[in-house]
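Trainee: Need a 3D model of the following:
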Amino acid sequence: MAQNMTLLWGSGSPPCWRVMIALEEKNLQGYNQKLLSFEKMEHKSQEVLDINARGQLPSFKHGDTTVNESYAACFYLESQFKSQGTKLIPDGAAEQALMYQRMFEGLTFYEKLNAVIYYTWFVPEEERHDSALKRNKEALTAELQLWEGYLQKLGSASNLAGTVLHSGRCDRFSNCCYSVPVRAVC
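Mentor: Predicted structure coming up:
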């Protein structure tokens, strides 16, 4: 079944990890995969551009269907393989609401994380200010404290989106792994 799937991915990319985790959770091993180098700009190669005009990773194909956004790929995998592997979307309305809330709320976390990690990359040297980086770090620290508060409220038997395992964990796990080294710089 997974033989007609192809994933083009890049190392160190939470969106790529997100799709890889969803594939594993749905027991879809044996898919075709190709690791591309961001440093060598392989994500801008013709191979990628042929299926993703933005030249971004991940790029996922299932037969004739192409899904390039990681969240969309996770939802697609759940809808196509609903009864296989781990259920990625809970049945209950309250559980779904919490999962969707945390999943999309994570975009704010990711934005604040990137503002710290990539500050020197995105901001030209003549426009950099220590005060701006300090402000970004403070915003990220406050965001991390918010997420730690969610965990404390839910208790030890829960994850960030409740007690049910689902696609929220594909997202949060990939972003948390990415952010652990950053915690030290905040």
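
Trainee: mind listing the strands in this protein by residue range?
Mentor: Assigned by DSSP state E, the strands in the chain fall at 5-10, 32-36, 59-62, 65-67.

Trainee: who touches the shortest one?
Mentor: Okay, so that is strand 65-67. Strand 65-67 is contacted by residues 51, 52, 59, 60, 61, 73, 76 when judged by Cβ atoms under 8 Å, 6 or more residues apart in numbering. All C-beta spots, glycine's among them, are computed from the backbone N, C-alpha and C.

Trainee: Identify the residues contacting residue 8.
Mentor: With Cβ under 8 Å, 6+ apart, residue 8 has these contacts: 33, 34, 36, 43, 47, 48, 51, 57, 58, 59, 60.

Trainee: how far away is it from residue 35?
Mentor: 8 Å (Cβ to Cβ, to the nearest Å).

Trainee: Now list the buried members of the contacts of strand 65-67.
Mentor: Using 16 or more other Cβ atoms under 10 Å as the burial test, the contacts of strand 65-67 include 52, 59, 60, 61, 73, 76 as buried.

Trainee: could I get the strands of the chain as a markdown table with distance to residue 103 and mean pLDDT?
Mentor: Formatted as a markdown table, the strands of the chain follow (distance: least, Cβ to Cβ, whole Å; pLDDT from 0 to 100):
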| stretch | distance to residue 103 | mean pLDDT |
| --- | --- | --- |
| strand 5-10 | 20 | 97 |
| strand 32-36 | 24 | 97 |
| strand 59-62 | 18 | 97 |
| strand 65-67 | 16 | 97 |
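
Trainee: what's the closest of the ones you listed to residue 152?
Mentor: The closest of the strands of the chain to residue 152 is strand 5-10. By Cβ to Cβ, the value is 33.5 Å.

Trainee: Who does that closest one pair with, and is each partner parallel or antiparallel?
Mentor: strand 32-36 (parallel), strand 59-62 (antiparallel) (DSSP bridges).

Trainee: Not counting sequence-adjacent ones, nearest residue to residue 67?
Mentor: With sequence-adjacent residues excluded and distances taken as Cβ to Cβ, 6 or more residues apart in numbering, residue 67 is closest to residue 73, at 4.5 Å.

Trainee: From residue 46, how far out is that neighbour?
Mentor: Note on residue 73: its distance to residue 46, by Cβ to Cβ, is 22 Å.

Trainee: again with residue 93
Mentor: Distance of residue 93 to residue 46, computed by Cβ to Cβ: 45 Å.

Trainee: quick check: domain ranges of this protein?
Mentor: Listed by automatic domain parsing, the domain ranges of the chain are 2-80, 93-183.

Trainee: can you map out the helices along the protein?
Mentor: Here the chain has its helices, by DSSP state H, at 14-25, 46-49, 70-80, 93-117, 119-122, 130-154, 167-183.
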